[in-house]
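In: next one to model:
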Amino acid sequence: MRRKNAFPIAVREFVYRHFGIRARQRKVLAGNATDTSLEHYLKSHVCLKPFENLETTNRGLAHVCCPDWLPTPIANMDGDLLSQWAGPMAQRIRKSIVDGTYELCSRRYCEHITDRRLLHRDHPEVRKVLAAFAGEAVPAPKRVALSHDRSCNLSCPSCRTGRIVAGKAEQDKLDRVFEQSALPLLRSAKIVYITGSGDPFGSNHFRRVIKRLNRRDFGHLRFDLHSNGQLFDARAWKDLDLSGRVRDVEISIDAADPKTYAIVRRGGTFAQLRKNLAFIAGLRRSGEIRTLTFSMVVQACNFTEMPDFVRLGEEFAADRVSFQMIRNWGTFGKAEFEAEFIGDPAHPQHKALVALLEAPEFSHPIARVGNILGYTQALPAMSRDVAFDDGADAMTDAILEVD
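Out: Purely as a prediction, here's the structure:
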């Protein structure tokens, strides 16, 4: 799908910036029901993302966390991102983390909160980061997440209504914005994440970005890649000169069965996925990449495959498999979404989802139920073991130390 008329897009973005952000903030607050045990947990635990992570979005805004979990932006991409990183909104968000109120964060959508995977405030890394932010000079972000291009080779129904590919004019604009706003941050960052908005291999812009961040000028950077896996093969790995430069990889899959995959990963094939997963698993087993994650957006058409999804992860050397409840990003009509939103207690299959969480696969070390717990209020076997653990696995994506 190529965008041809800029006027409707401009109107939509105006409405979002002036009304949509506030609506999402209100929704977050409304969903943050009082839970005494959770409030106690948040008072004693710290999320490091707002201290170390800056994320760009296709709306031209910058956030310190996933906009789904923390919808309040801190900056415009066409401004000075480094100064806005130290600006009043960023400071307010960090203060809410330090005082334990988490006033702008979703307790339902954030998997680090629902899975109890934050670090205790006495953890050495937390003390180190908070001490660094205690002075007047604000440290630059260690991790820059690039999610400003939605171009992708697939058109998954949970994400979009059709295929999105940026045209030449839009790609040129994305290239200019990246050079002016994001590239300066990457000269001091340790990690660059690509991408939460489309696919790093299916986007011409992001392929150019990866090549722009060459090992000669940006040899200090390590890549975190988030892909659907369809184009993640040996040829792409070599063409983009990724060997020795990739830290973590996440593959969004959403199914463990070929027929379901054809529905939820529209435009892809399960056979091609498995072929590329074998290549990626080889990278993980050889130590070429540090961690490998498989992720699933849980919905009515695929939830029964969750145990099989854990086994798929084990087959292909995944360090963890994670689950997220489906959200409506404007791609579903009301009736369509109600049919797929199995997180609703009124859904006819909701009880089956809750019962399924007792499956033995969720006690396997790689299983991460994610924010599913925020919708079911269940505590499956996996979470009994790790939900209150402050060990090495907690918030590994926020402790941005390059091995």
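In: where exactly do the strands run in this protein?
Out: Using DSSP state E, the strands of the chain run over 45-46, 53-57, 61-63, 75-76, 119-120, 143-147, 191-194, 222-227, 246-252, 291-298, 320-325, 367-368.
In: check the ones you listed for me: which has the lowest mean pLDDT.
Out: Lowest mean pLDDT within the strands of the chain: strand 75-76, at a mean of 88.
In: related to what we said a few turns ago, of all the strands of the chain, which one is nearest residue 168?
Out: Among these, strand 143-147 comes nearest to residue 168, with 19.6 Å by CB to CB. The way it works is simple: take the backbone N, C-alpha and C, and place the C-beta from them, glycine included.
In: what does the closest one contact?
Out: Under the contact criterion CB atoms under 8 Å, 6 or more residues apart in numbering, strand 143-147 has outside partners 52-58, 178, 182, 185-186, 189-197, 206, 209, 224, 398, 400.
In: mean neighbour count and distance to residue 86 for the strands of the chain - can I get that in TSV?
Out: Below are the strands of the chain laid out as TSV (neighbours: other CB atoms under 10 Å; distance: least, CB to CB, whole Å):
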stretch	mean neighbour count	distance to residue 86
strand 45-46	26	19
strand 53-57	25	11
strand 61-63	26	12
strand 75-76	19	10
strand 119-120	17	23
strand 143-147	24	15
strand 191-194	24	19
strand 222-227	22	24
strand 246-252	21	26
strand 291-298	22	30
strand 320-325	23	31
strand 367-368	26	33
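In: among those strands, which comes closest to residue 307?
Out: Taking the strands of the chain one by one with CB to CB, strand 367-368 is closest: 9.1 Å.
In: where are the low-confidence patches of the stretch 251-400 of the chain?
Out: 377-400 (pLDDT under 70).
In: apply 50 and report the result again.
Out: 379-400 (pLDDT under 50).
In: ranges for the helices of it?
Out: Using DSSP state H, counting those that start in this stretch, the helices of the stretch 251-400 of the chain run over 258-264, 270-285, 306-315, 334-340, 350-356, 372-376, 381-386.
In: any idea which of those is most buried?
Out: helix 372-376 (a mean of 23; mean count of other CB atoms under 10 Å).
In: list the helices and strands it packs on?
Out: Applying 3 or more CB pairs under 8 Å, 6 or more residues apart in numbering; DSSP states H and E, one finds that helix 372-376 contacts helix 111-114, strand 320-325, helix 350-356.
In: what's the longest one in contact with?
Out: The reference is to helix 350-356. Under CB under 8 Å, 6+ apart, the answer for helix 350-356 is 298, 303-304, 306-307, 342-344, 372, 376, 378.
In: ok, so of the residues you listed, who is nearest residue 125?
Out: Taking CB to CB as the measure, residue 125 lies nearest residue 372 of the contacts of helix 350-356, at 27.2 Å.
In: the closest one contacts residue 298, doesn't it?
Out: Yes - between residue 372 and residue 298 there is a contact under CB atoms under 8 Å: 6.1 Å.
In: and for the two, which residues touch both?
Out: Common contacts of residue 372 and residue 298, defined by CB under 8 Å, 6+ apart, comprise 323-325, 343, 353.
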